[in-house]
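In: Any chance you can model this:
(chains A and B)
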Amino acid sequence: MSKFYPNFLFSIVVTIVMNALDMVYHLATGWAVHLNYVAIKLSVIFLSVWMITQFIGIGKEEGVVASIFGPFMFYIYYVFAGATLNREIFRIDEQFWFFFLHAALMLIAYFAAWSFAKGKSHWARTTGFILAASFASIAFEALFLMIRMRIDGFDEETSARMMTLSLVAVPVIAYILGAMAGVLIDNFIKKNYLDRLVAGIIAFALIYLFSKDLTHAIFAFVFVNIAYYVIHSYKKGIISKAQ
Amino acid sequence: MKKRGWLALGIAAGIIGSFYEFVPRKTIKSIAELLLFDMDVLGHRIRHNDLILAGTVLLIISFVSFYKVYKLSRNVKIINKKE
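Out: Numbering: from 1, shown residues only, chains lettered A, B, ... in the order given. I've put the predicted structure just below:
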């Protein structure tokens, strides 16, 4: 496996986990979550993490630097870019204090992803994995919901208004429960792919039970499996790189 | 790439990035309208926010280049100390 691929996947996981944590916070506290803003946030933070990972490395110092630098560049973008959403209707995370929140969430995301690959204790690896796998799936889920609204023809403001905590509450619980069950299964039955299968089925079942939307549930199963693939692939790459 | 290459990249990306990020659109227009890239690319009109995003990307490249220079300098110092 080339050095580029695990670094690329690691950066994707850090970026999407950070964005999922941020999105859940925003929805819980009444701040708007909007596809265009999420896309900019994903691009700026991904580029910062990937460039540091690819050209400097992965480690504690690099994690702290990326966690401060990524959100800072995002804040700089916000300050100088022109507004596209009506600020009288929507509250956007452009205030300076959000920089500290984004940096804290980025630290959580980076060290969750890092500790799964390089953590010494079983506890650190397991916690890192549950956080990374569940929130990576939540990020895919949020993108799915926002893109679906766009395809359904909703305009920017309507889709931002429709994106609420109640919309993602069940998927958030489903993915976290799925990841925890996957880890439990993996601890007792060490069989390849059984953990991701169980996590995917739990997410599928819970989402289908509450939404009665088969397409959504199938996508949930796929998202869990993509998240597991990405996380296990970067871990394999990082470990083989270290050896 | 060697330390000098990273330094040159950091300076070049920093200057161009800062120009598009911090200089007001009106000032850029007064220097040369061509610098605004006011055109269509694959059916998408290049707007002010696109230039700001390009500026942000260049500033990220600049920062990482300087960070790399710092890391390379620190490694040289550690090697010299060991010797």
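In: ok, A:R196 to A:G182 distance?
Out: Distance of A:R196 to A:G182, computed by C-beta to C-beta, to the nearest Å: 6 Å. Glycine gets a C-beta too; all of them are placed from N, C-alpha and C.
In: ignore the last one, A:W114
Out: With C-beta to C-beta as the criterion, A:W114 and A:G182 are 20 Å apart.
In: A:Y77: which element?
Out: If you go by DSSP states H and E, A:Y77 is part of helix A:60-80.
In: quick check, that helix touching chain B?
Out: Yes - Helix A:60-80 reaches chain B (C-beta under 8 Å from any C-beta of the partner chain) through A:65, A:69, A:73, A:76-77, A:80.
In: any idea which element the residue nearest to A:I218 when sequence neighbours are not counted lies in?
Out: Take A:I218 and drop its neighbours on the chain: the residue closest to it by C-beta to C-beta, 6 or more residues apart in numbering or on different chains is A:F204, 7.1 Å away. Using DSSP H and E, A:F204 sits in helix A:194-211.
In: any residues in contact with both of A:R196 and A:G182?
Out: Applying C-beta atoms under 8 Å, 6 or more residues apart in numbering or on different chains, one finds that A:R196 and A:G182 are jointly contacted by A:Y228.
In: near chain B at all, the lowest-mean-pLDDT helix or strand in chain A?
Out: Within chain A, no helix or strand scores below helix A:156-162, which has a mean of 78 by mean pLDDT, DSSP states H and E. No - using C-beta under 8 Å from any C-beta, helix A:156-162 stays clear of chain B, coming no nearer than 13.9 Å.
In: buried residues in that helix?
Out: A:156, A:159-160 (16 or more other C-beta atoms under 10 Å in any protein chain shown).
In: Quick one: distance of it to the chain centre.
Out: 21 Å (C-alpha atoms, centre = their mean, to the nearest Å).
In: what mean pLDDT does the next helix or strand after it have?
Out: Next helix or strand after helix A:156-162 toward the C-terminus (DSSP H and E): helix A:165-188. Helix A:165-188 carries an average pLDDT of 90.
In: Show me what counts as buried in helix A:165-188.
Out: So, applying 16+ other C-beta under 10 Å, buried residues of helix A:165-188: A:165, A:167-168, A:170-172, A:174-176, A:178-183, A:185-186.
In: so how far is it from its chain's centroid?
Out: Distance of helix A:165-188 from its chain centroid, counting by C-alpha atoms, centre = their mean, is 14 Å.
In: helices and strands around that helix, which ones?
Out: helix A:4-29, helix A:122-151, helix A:194-211, helix A:214-242 (3 or more C-beta pairs under 8 Å, 6 or more residues apart in numbering or on different chains; DSSP states H and E).
In: what angle separates the second one from helix A:194-211?
Out: So that's helix A:122-151. If you take axes from the mean of the first three to the mean of the last three C-alpha atoms, to 10 degrees, helix A:122-151 sits at 40 degrees to helix A:194-211.
In: just how off-centre is helix A:122-151 within its chain?
Out: For helix A:122-151, the distance to the chain centre is 4 Å (C-alpha atoms, centre = their mean).
In: Identify each buried residue in that helix, please.
Out: Under the neighbour-count rule (16+ other C-beta under 10 Å), helix A:122-151 has A:124-146, A:149 buried.
In: what do you get for the first one?
Out: Going by neighbour count (16+ other C-beta under 10 Å), the buried part of helix A:4-29 is A:6-27.
In: Remind me what it packs against, helices and strands.
Out: Using 3+ C-beta pairs under 8 Å, 6+ apart, helix A:4-29 is in contact with helix A:35-55, helix A:97-118, helix A:122-151, helix A:165-188, helix A:214-242.
In: Put together CSV for these, with distance to B:A32 on each row.
Out: Output for the helices and strands packed on helix A:4-29, formatted as CSV (distance: least, C-beta to C-beta, whole Å):
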stretch, distance to B:A32
helix A:35-55, 27
helix A:97-118, 34
helix A:122-151, 37
helix A:165-188, 47
helix A:214-242, 44
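In: out of the ones you listed, which comes closest to B:E21?
Out: Among the helices and strands packed on helix A:4-29, the nearest to B:E21 by C-beta to C-beta is helix A:35-55 (12.0 Å).
In: what angle sits between that closest one and helix A:97-118?
Out: Between helix A:35-55 and helix A:97-118, the angle formed by their directions is 50 degrees, by the same axes, to 10 degrees.
In: wait, isn't A:F154 in contact with A:M163?
Out: No - using C-beta atoms under 8 Å, A:F154 is not in contact with A:M163; the gap is 10.1 Å.
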